[in-house]
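1. Okay, here's the prediction I keep looking at, along with the sequence it came from:
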Amino acid sequence: MANEDYIIRCAEVNDIHQVMRINQTTLPENYPYPFFLEILKKYPKSFIVAEKDGEIAGYMMNRIEKGLPGVFTNKLHRLTKGHVVSIAVLPGHRKKGLGKRLMLEGMEAMKEYGAEEFVLEVRITNEAALAMYKELGFTVVRELRGYYHDGESAYLMSKRVEDIQNS
Ligand SMILES: CC(C)(COP(=O)(O)OP(=O)(O)OC[C@H]1O[C@@H](n2cnc3c(N)ncnc32)[C@H](O)[C@@H]1OP(=O)(O)O)[C@@H](O)C(=O)NCCC(=O)NCCS
């Protein structure tokens, strides 16, 4: 099944239960229903899903935040950051380019909310995600020691919005 067979579209409230199931089966970081709902209500354009034959195969959920400038700028104002909160693709649908498509479309949507920089946290042992983020032009800002509840560290990664077209 080629990646073009999947529709990438904005998530709807009715999708949240499927998205939560994917989140719970693929990641240790899980959240209650109201957390997904709040992000969907606040940032509907950048909460996206990949769908095939009515089933959701993957999702990307993002938040827009104000934050200190990242590594790429010496601007003094607080930046508008597009924060990748969660992204996952079901195992049977991986390695077809879906993760990358979700990232690219999600980043375009975050630009519409004024994102000047994209940021994310990733487990330092998550080779697949790290490779994908690096391929998309993210670089490691620093290590966040013991970031996850089980004690594993994260890399904080960042990408300039201007670089999006070079991905
Ligand atoms: C990370 C994840 C979303 C990637 O989804 P995907 O649809 O398989 O990704 P793509 O097919 O678009 O692959 C994009 C790139 O990621 C990298 N990649 C993907 N799977 C990989 C693997 N198993 N090992 C190493 N690199 C991998 C490759 O660089 C790949 O590019 P290539 O196909 O040109 O080699 C998926 O593995 C996943 O859902 N993992 C569990 C949830 C998770 O870890 N989310 C991220 C939390 S920070």
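-> Arrived safely, thanks for sending.

2. CA atoms for contacts and neighbours, from now on please.
-> Noted.

3. and residue 43, how many neighbours?
-> Burial measure for residue 43: 17 neighbouring residues, criterion other CA atoms under 10 Å.

4. got it, and residue 38?
-> Other residues lying near residue 38 total 11 when counted by other CA under 10 Å.

5. Quick one, grab the pLDDT at it.
-> Model confidence at residue 38, given as pLDDT, is 98.

6. List the buried residues for the one helix or strand it maps to?
-> Here residue 38, judged by DSSP states H and E, is contained in helix 33-42. If you call a residue buried by 16 or more other CA atoms under 10 Å, then helix 33-42 has these buried ones: 36, 39, 40.

7. again, but for stretch 45-54
-> Those buried within stretch 45-54 under the rule 16+ other CA under 10 Å are 45, 46, 47, 48, 49, 50, 51, 52.

8. Also stretch 145-163?
-> Using 16+ other CA under 10 Å as the test for burial, stretch 145-163 gives 147, 153, 154, 155, 156, 157, 158, 159, 160, 161.

9. Output these as JSON lines; include the columns pLDDT.
-> As requested, those are arranged in JSON lines below (pLDDT from 0 to 100):
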{"residue": "147", "pLDDT": "97"}
{"residue": "153", "pLDDT": "98"}
{"residue": "154", "pLDDT": "98"}
{"residue": "155", "pLDDT": "98"}
{"residue": "156", "pLDDT": "96"}
{"residue": "157", "pLDDT": "97"}
{"residue": "158", "pLDDT": "96"}
{"residue": "159", "pLDDT": "96"}
{"residue": "160", "pLDDT": "89"}
{"residue": "161", "pLDDT": "89"}
